[in-house]
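Student: just coords:
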């Protein structure tokens, strides 16, 4: 099921073609010279998002990512490979009391700058295009 997206990604797997999402570095945490995480602020932008709720957290992330890869690799209204932006963001959801994680996660793909004004529509109805306000992200 993922053969075509993987082949498309492999054909287009040139590191120079990966677009890093523009951000402002807020904080950088290191330990003994190794980067533990960065706290970043991303500006207002459009993202392709999918919310998954499988039995296991890792399964939700994997399935969500695979669905987004299909969208990126031609299963969209443009019929074109959209290009990779990094990072792909995973949002962990908590219960109403914010005391525990739920099984639901959102996997999100930042639409490249050239697609921000008019993003291609996904064929998969589980994927939605959202405009996010400026957002704080922790990255490893």
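Tutor: Here it is on my side, so go on. A quick note: this is a predicted structure, and the numbers were derived from the prediction, not measured.
Student: Might you list the low-confidence residue ranges for this protein?
Tutor: In the predicted model of the chain, residues 1-17 satisfy pLDDT under 70.
Student: Can you report phi and psi for the residue with the largest distance to the centre of the chain?
Tutor: Within the chain, the residue lying farthest from the chain centre (Cα atoms, centre = their mean) is residue 32, at 29.6 Å. The phi/psi pair for residue 32 (degrees, to the nearest 10) reads phi 50, psi 40.
Student: now do residue 63
Tutor: Backbone dihedrals for residue 63, given as degrees, to the nearest 10, come out at phi -70, psi -40.
Student: Tell me what the residue nearest to it when sequence neighbours are not counted is bridged to.
Tutor: Excluding the flanking residues, the one nearest residue 63 by Cβ to Cβ, 6 or more residues apart in numbering is residue 52, at 5.5 Å. Heads up, the C-betas are built off the backbone N, CA and C, glycines and all. Residues in a beta bridge with residue 52, per DSSP bridges, are residue 105.
Student: and if you look at residue 39?
Tutor: The partner residues for residue 39, given DSSP bridges, come to residue 27, residue 138.
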